[in-house]
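Colleague: Structure, please.
(2 chains)
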Amino acid sequence: MDVPILKQGDYLIASILGALTDTALTRLQENLVRSVRQYRSKGVVIDVTVLDVMDSFAARTLRAITVMTRLLGAKVVIVGIQPEIAFSMVQLGLNLEGALTALDLEDGLALLKAADKKEQDGFRRHGR
Amino acid sequence: MPLSATHPPEKFLTLAEMMNISEQELERRKQILQFGPEDEERLLKLAPVSTRSAEAVIEAFYRHLLAFDEMRAFFPDPALLARVKARQKEYFLRLTQGDYDLDYAEERLKIGAVHEQIDLPVKHYLGMYNFYLRELWRYISEADRGHPDETLATFFSLMKLTFLDISLAIDTYIDSRERTIKALQQEVIQELSTPVLPFREGMLLLPIIGQIDSQRARQLTEHLLLAIRANRAKVIVIDITGVATVDSRVANHLVQTVDAARLMGAKVVISGISPEIALTMVTLGIDLGPVYTVGDLQNGIEHAERLLGYRVEKIAETGDDEKEA
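Modeller: Residues are numbered from 1 along each chain as shown, chains lettered A, B, ... in the order given. Next up is the predicted model:
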């Protein structure tokens, strides 16, 4: 089952609906990167609320998506990591270093907006 | 010495296993008491005497025991007393039936555990052994008038076995108490250890006091993560003023906690690193990595407020307030 990618203004939302196979994860990675280019998105929110396991492959893929997307000039926020998952991830040393995280979709979008606003303010100040 | 019909809770391990009493350990205990095969033989020869005297000794013992108010409370009804007497007789007869092996030890341990559970005072436990030894001495010496040496030797064998029983029973007492104390300690520590306090909207305060070991670190992290979700926290101040020492293991736990919180979208500020701790950490080469640290709790809270976009302003001098009042 593919992960649906929804467009919401300047941002994309990839909402994972169930447990993912490794192939589905790889496809998500390809689709996301393609969509970021296609829609010229500024940010991506990946919602993993429903996941009750996060193995090393999934964690690595999420990191890869973060890095690839950053190369295209967009930010990735991973949202909805549950307490139990967060705990077992750090135990396994999967700490998604460098990725942005937020509690849920709402916070994730707010984080992207705040980051964009900060950037624009920065440009404006420099422009003067 | 069953005084009650209650059983210890079912366990997967035998008591002997739980208390590390192996064949060797039992052998060792016998060596300490110099209990050998000849003692076993003498005790076996004593079987007819103990069978003959059992009823009388046990009746006498319970007359003696029930003279104490606190002991009467253990036997609310006659049916229970009768049952306990029957068990007591089994126990008594078992003393002269040989095969003092691990199964024997297990029986003795069970009896000890049962009595510990019903809170039978040790002094009455010891009183029972003492009573039996004295009563049996009477019967032994009466039964075997011709050979005083042999009579005494038999009595000593009985005494050795009794002391073996006592050592096992007392150990169950000690072992059970230790378990109870440990369990209580754990409980108290768990209650005390991890308050997660909502401080402002989106901010949690987590003061840590005492030692951090892996169990506590785990529990602390779990509490914190659940609190992050429940309070929708974005910034957490972990105050370690009350943590006496920070070694590499503690530092590692802290880094893990910070990482886990970050995965849930929360930033962590660690406050309360004293100069001594800073010095030790540098000396030991401990690195907290990307974790943001500040000196004291005040700085921690102020930094957290800035991260959340709060600005705290003083609106009046404290003195003015007092004048108005």
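Colleague: Please, where are all the helices along chain B?
Modeller: Ranges of helices in chain B, per DSSP state H, are B:15-18, B:23-32, B:37-45, B:47-65, B:69-72, B:78-94, B:102-117, B:122-143, B:148-193, B:214-231, B:248-263, B:275-284, B:297-308, B:318-324.
Colleague: whoops, I mixed them up, chain A
Modeller: For chain A, helices defined by DSSP H occupy the ranges A:22-39, A:56-71, A:83-91, A:105-127.
Colleague: same for the second one, what does it pack against?
Modeller: Contacting helix A:56-71 under the criterion 3 or more C-beta pairs under 8 Å, 6 or more residues apart in numbering or on different chains; DSSP states H and E are the following elements: helix A:22-39, strand A:43-47, strand A:75-79. For the C-beta atoms, the positions are set from N, CA and C on the backbone; glycine is no exception.
Colleague: what angle separates it from helix A:83-91?
Modeller: Computed by axes from the mean of the first three to the mean of the last three C-alpha atoms, to 10 degrees, the angle separating helix A:56-71 from helix A:83-91 equals 90 degrees.
Colleague: Which residues of chain A lie near chain B?
Modeller: Taking C-beta under 8 Å from any C-beta of the partner chain as the test, the list of chain A residues beside chain B reads A:78-79, A:81-87, A:89-91, A:95-96, A:101-103, A:107-108, A:111.
Colleague: export the lowest-mean-pLDDT helix or strand in chain A as CSV, just CAs?
Modeller: Least confident helix or strand of chain A, by mean pLDDT, DSSP states H and E, is helix A:105-127 with a mean of 86. Extracted in CSV, the C-alpha atoms of helix A:105-127 (Å, rounded to 0.1, in the frame of the first residue of the first chain):
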residue,chain,number,x,y,z
LEU,A,105,0.7,17.2,12.3
GLU,A,106,-0.5,20.6,13.6
ASP,A,107,2.8,21.3,15.4
GLY,A,108,4.7,20.1,12.4
LEU,A,109,3.0,22.5,10.0
ALA,A,110,3.4,25.3,12.6
LEU,A,111,7.1,24.5,12.8
LEU,A,112,7.5,24.7,9.0
LYS,A,113,5.6,28.0,8.8
ALA,A,114,7.7,29.5,11.7
ALA,A,115,10.9,28.4,10.0
ASP,A,116,9.8,29.9,6.7
LYS,A,117,8.8,33.1,8.3
LYS,A,118,12.1,33.4,10.1
GLU,A,119,13.9,32.9,6.8
GLN,A,120,11.9,35.5,5.0
ASP,A,121,12.4,38.0,7.8
GLY,A,122,16.1,37.3,7.5
PHE,A,123,16.0,38.0,3.7
ARG,A,124,14.0,41.2,4.2
ARG,A,125,16.5,42.5,6.8
HIS,A,126,19.4,41.8,4.5
GLY,A,127,17.6,43.4,1.6
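Colleague: What helices and strands are in contact with that helix?
Modeller: With contacts defined as 3+ C-beta pairs under 8 Å, 6+ apart, helix A:105-127 has these neighbours: strand A:11-15, strand A:43-47, strand A:75-79, strand A:100-102.
Colleague: Tell me how far it lies from the chain's centre.
Modeller: 16 Å (C-alpha atoms, centre = their mean, to the nearest Å).
Colleague: quick one: buried residues of that helix?
Modeller: The neighbour-count check on helix A:105-127 (16 or more other C-beta atoms under 10 Å in any protein chain shown) flags A:105, A:107-109, A:111-112 as buried.
Colleague: do stretch B:277-292 as well
Modeller: For stretch B:277-292, the neighbour count (16+ other C-beta under 10 Å) marks B:277, B:281, B:286, B:288, B:291 as buried.
Colleague: Can you lay out those as TSV showing distance to residue A:38 and pLDDT?
Modeller: Shown next, in TSV, are the buried residues of stretch B:277-292 (distance: C-beta to C-beta, whole Å; pLDDT from 0 to 100):
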residue	distance to residue A:38	pLDDT
B:277	52	82
B:281	49	82
B:286	47	79
B:288	42	79
B:291	39	83
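Colleague: Looking at the stretch 101-250 of chain B, what residue ends up closest to chain A?
Modeller: The nearest approach of the stretch 101-250 of chain B to chain A comes at residue B:225, 3.4 Å away (C-beta to the nearest C-beta).
Colleague: Can you give me every residue that contacts that residue?
Modeller: Residues in contact with residue B:225, defined by C-beta atoms under 8 Å, 6 or more residues apart in numbering or on different chains, are A:83-84, A:86-87, B:260-261, B:264.
Colleague: Among those residues, name the buried ones.
Modeller: A:83, A:86-87, B:260-261, B:264.
Colleague: Number of residues surrounding residue 81?
Modeller: All of this is about chain A. The burial count assigned to residue A:81 is 28, neighbours taken as other C-beta atoms under 10 Å in any protein chain shown.
Colleague: wait, I meant chain B there
Modeller: Residue B:81 is surrounded by 16 other residues when neighbours are defined as other C-beta under 10 Å.
Colleague: Since that was my last question, I'll sign off now.
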